[in-house]
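Give me a model of this one.
(chains A, B, C and D)
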Protein chains: 2
Amino acid sequence: MGSTDVTAFADLEQARGLLDRTSTAERVASILRDRILEGSLPPSTRLPEDLIGQALGVSRNTLREAFRVLSHERLLVHQINRGVFVRRLTADDLVDLYRVRRLVEVAAVRANDRLGEEQLRPLRETVEEGQAAAKDDRWVDVGTANIHFHLALGGLAGSPRVDAVLRQFLAELRLVFHVMNNPREFHEPYLERNLEILTLLEAGDIDAAARALEAYLNEAERQILTVLASSERTAHTPR
Amino acid sequence: MGSTDVTAFADLEQARGLLDRTSTAERVASILRDRILEGSLPPSTRLPEDLIGQALGVSRNTLREAFRVLSHERLLVHQINRGVFVRRLTADDLVDLYRVRRLVEVAAVRANDRLGEEQLRPLRETVEEGQAAAKDDRWVDVGTANIHFHLALGGLAGSPRVDAVLRQFLAELRLVFHVMNNPREFHEPYLERNLEILTLLEAGDIDAAARALEAYLNEAERQILTVLASSERTAHTPR
DNA sequence: GCATATTTGTCCGTATGTATA
DNA sequence: CTATACATACGGACAAATATG
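Modelled structure (predicted):
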């Protein structure tokens, strides 16, 4: 589309094109964020300033700025005089994340008496995104589409700030998805449940959709919690 | 407790005591945050790195780390190659902030079927905090107590993350309170309304309390919006 | 438990680019 | 349009904290 081929490197030079309206620190944060969310930097990974700085070709100062924002996003934890690590979620974190999801997503759905076409469209699109991924056995992408569906649900609140916080919470949640080592088994069942919620919303039954959503969240929480509990016994949190 | 007297300076040396578990950047962020929220750094104020760095006795690198976190908290805006400024809220921001307040605070209240004593206590304390401040004509403190009351309402969700985001949104909101130049006229009426909400909660009428809260928020939004609209015509936002 | 190596925290100097009087 | 002020980003320095043999 642009000059030659862009898809190859997802690195620093990426956004260096015509509109360089972002600082180096932001670009670095973006790269690290992607790496963390896709799982190539798993929880508890240490990120030494020297190493990462050289790998990305930026100075330590710039890198530290990027670390600050990712720490604020709760994707990294900053331990003073020890460095930064990829966050490892505890069971408490997981419980709290589902608590806020229930609060925010359900409230967003209930914020509407009925839904117009422009509100339903993103929901349909993300459901289809998941179905398409499933048909090609791209189960990790199914998980991503699932997150997009729930972001779209949150979008029903019609609030940029709700969008932002929900996006951040769902990103945080992805940190724990990596412990689910069978992505198909984990993500596939939710395809149907998302469709169910969508169908209820299309039928105008907001209340039933909200209750289905709540049930969905409760079950997902319980499912992850069992896996997480067993994995916490083996790998202990670094203090 | 420590060496001599500590209460005098609220500056850098503040937390330098026994437990120096915070970095300079965090302390700087904390100082600037306080200055912004108390209004001594009003919206649109520019914060040149050199000037502020010298004033606080920190290097520009450290200061930039602090700027990053405050930008992420939406108290500063970072304009590339131009520097950072204290955020000036637009009418859209205000509308969105009240939208999320309605969503989060009301949902937090409704999250409980009935309230126990440990849940009511912080609500009572913050109401009393406001009444005490009013009796002494400390109207700015009345505003602070009001924010504390609503934080306590959000606390009914029982979620650290809800607490954190609500705290941040209410901090952001304080940016606009400064345009209300008569703090008494602005804050005094809410004393009674907070008490009303508390009384309903004590009576166990969650639904009525939630509706009173919603009405409260609608009215406050409208009130600020009129003042803000007139002030926006005079002082224009710097792009 | 100690001595040493590594890494972070913080500062400074400086070159380059960008915005503005 | 030029001059000036300022932000961006880098690299080096060193003390203090932490990890390692």
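
Could you pull out the buried residues of stretch A:64-79?
Neighbour-count burial for stretch A:64-79, counted by 16 or more other Cβ atoms under 10 Å in any protein chain shown, picks out A:64-78. In this view, the C-beta of every residue, glycine as well, is placed from N, C-alpha and C.

Out of the residues you listed, list just those in strands.
A:Leu76, A:Val77, A:His78 (DSSP state E).

so what's the first one up against?
The neighbourhood of A:Leu76, defined by Cβ atoms under 8 Å, 6 or more residues apart in numbering or on different chains, consists of A:Leu32, A:Ile36, A:Leu47, A:Phe67, A:Leu70, A:Val84, A:Phe85, A:Val86, A:Arg87.

Assess the claim that the fourth one and A:Val84 are in contact.
Yes: with contacts counted by Cβ atoms under 8 Å, A:Phe67 reaches A:Val84, the gap being 5.0 Å.

what is in contact with those two at once?
With Cβ under 8 Å, 6+ apart, A:Phe67 and A:Val84 have common neighbours A:Leu47, A:Leu76, A:His78.

Let me know the closest of these to DNA strand D.
A:His78 (12.5 Å; Cβ to the nearest atom of the strand).

Stretch A:172-190 and chain B in contact?
No: against chain B, stretch A:172-190 shows no contacts by Cβ under 8 Å from any Cβ of the partner chain, the least distance being 8.8 Å.

Could you list the buried residues of that stretch?
Applying 16+ other Cβ under 10 Å to stretch A:172-190 flags A:172-177, A:179-180, A:183, A:186-188, A:190 as buried.

Of those, which is the nearest to DNA strand D?
For those, the nearest to DNA strand D is A:Leu175 (21.4 Å; Cβ to the nearest atom of the strand).

Output the ones in strands among the buried residues of stretch A:64-79 as TSV; include the columns distance to DNA strand C and pLDDT.
As requested, those are exported to TSV (distance: Cβ to the nearest atom of the strand, whole Å; pLDDT from 0 to 100):
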residue	distance to DNA strand C	pLDDT
A:Leu76	11	98
A:Val77	11	97
A:His78	6	97
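
For the residue nearest the centre of chain A, give its distance to A:Leu151.
With distances taken as Cα atoms, centre = their mean, A:Ala171 lies nearest the centre of chain A, 2.6 Å away. Applying Cβ to Cβ, to the nearest Å, one obtains 10 Å for the distance of A:Ala171 from A:Leu151.

Which elements pack onto the one helix or strand A:Ile224 maps to?
Using DSSP states H and E, A:Ile224 sits in helix A:206-234. Secondary-structure packing of helix A:206-234 (3 or more Cβ pairs under 8 Å, 6 or more residues apart in numbering or on different chains; DSSP states H and E): helix A:91-110, helix A:160-177, helix A:183-202.

got these as a markdown table, with mean pLDDT and distance to B:Tyr216 columns?
Listed next are those as a markdown table, based on pLDDT from 0 to 100; distance: least, Cβ to Cβ, whole Å:
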| stretch | mean pLDDT | distance to B:Tyr216 |
| --- | --- | --- |
| helix A:91-110 | 97 | 17 |
| helix A:160-177 | 96 | 19 |
| helix A:183-202 | 94 | 30 |
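
what's the closest of those helices to A:Gly130?
helix A:183-202 (5.3 Å; Cβ to Cβ).

that older thread, out of the contacts of A:Leu76, which is nearest to A:Gly143?
Of the contacts of A:Leu76, the one sitting nearest to A:Gly143 (Cβ to Cβ) turns out to be A:Ile36, at 15.1 Å.

Quick one: residues contacting the closest one.
A:Leu70, A:Leu75, A:Leu76, A:Val86, A:Leu175.

So the first one sits against A:Arg33, correct?
Yes: counting by Cβ under 8 Å, a contact exists between A:Leu70 and A:Arg33, whose distance comes to 6.3 Å.

Next, the angle helix A:91-110 makes with the helix or strand bottoming out on mean pLDDT in chain A.
Counting by mean pLDDT, DSSP states H and E, chain A has its least confident helix or strand at helix A:206-234, which shows a mean of 90. If you take axes from the mean of the first three to the mean of the last three Cα atoms, to 10 degrees, helix A:206-234 sits at 170 degrees to helix A:91-110.

List the buried residues for helix A:206-234?
Quick answer for helix A:206-234 (16+ other Cβ under 10 Å): A:Ile206, A:Ala209, A:Ala210, A:Ala212, A:Leu213, A:Tyr216, A:Leu217, A:Ala220, A:Glu221, A:Ile224, A:Leu228.

got it, and stretch A:91-111?
Quick answer for stretch A:91-111 (16+ other Cβ under 10 Å): A:93-94, A:96-111.

Does chain B have contacts with it?
Yes: for stretch A:91-111, a contact with chain B is found by Cβ under 8 Å from any Cβ, at A:Asp96, A:Leu97, A:Arg99, A:Val100, A:Leu103, A:Val104, A:Val106, A:Ala107, A:Ala108, A:Ala111.

got the contact list for the fourth one?
This points to A:Val100. The contact partners of A:Val100, by Cβ under 8 Å, 6+ apart, come to A:Phe169, B:Ala157, B:Ser159, B:Arg161, B:Val162.

ok, and the closest non-adjacent residue to it?
Spatial nearest neighbour of A:Val100, chain neighbours left out: B:Arg161 (4.9 Å); criterion: Cβ to Cβ, 6 or more residues apart in numbering or on different chains.

what's the answer for the second one, then?
Residue nearest to A:Leu97 in three dimensions, not counting chain neighbours: A:Leu173, with 5.3 Å by Cβ to Cβ, 6+ apart.

Does that neighbour touch A:Asp93 like I think?
No: using Cβ under 8 Å as the test, A:Leu173 is too far from A:Asp93 to be in contact (9.0 Å).

any common contacting residues for the two?
Counting by Cβ under 8 Å, 6+ apart, A:Leu173 and A:Asp93 have no common neighbour.

returning to that earlier point: would you convert the residues of stretch A:91-111 next to chain B into CSV that also reports distance to B:Asn194?
Rendered in CSV, the data for these read as follows (distance: Cβ to Cβ, whole Å):
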residue, distance to B:Asn194
A:Asp96, 27
A:Leu97, 30
A:Arg99, 25
A:Val100, 25
A:Leu103, 22
A:Val104, 24
A:Val106, 26
A:Ala107, 22
A:Ala108, 26
A:Ala111, 24
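
ok, those vs A:Ile197, which is closest?
A:Val106 (11.0 Å).

Can you name the residues that contact the closest residue to that closest one other than its chain neighbours?
Nearest residue to A:Val106, sequence neighbours excluded (Cβ to Cβ, 6+ apart): A:Ala210, at 5.2 Å. A:Ala210 sits next to A:Val106, A:Val109, A:Arg110 when contact means Cβ under 8 Å, 6+ apart.
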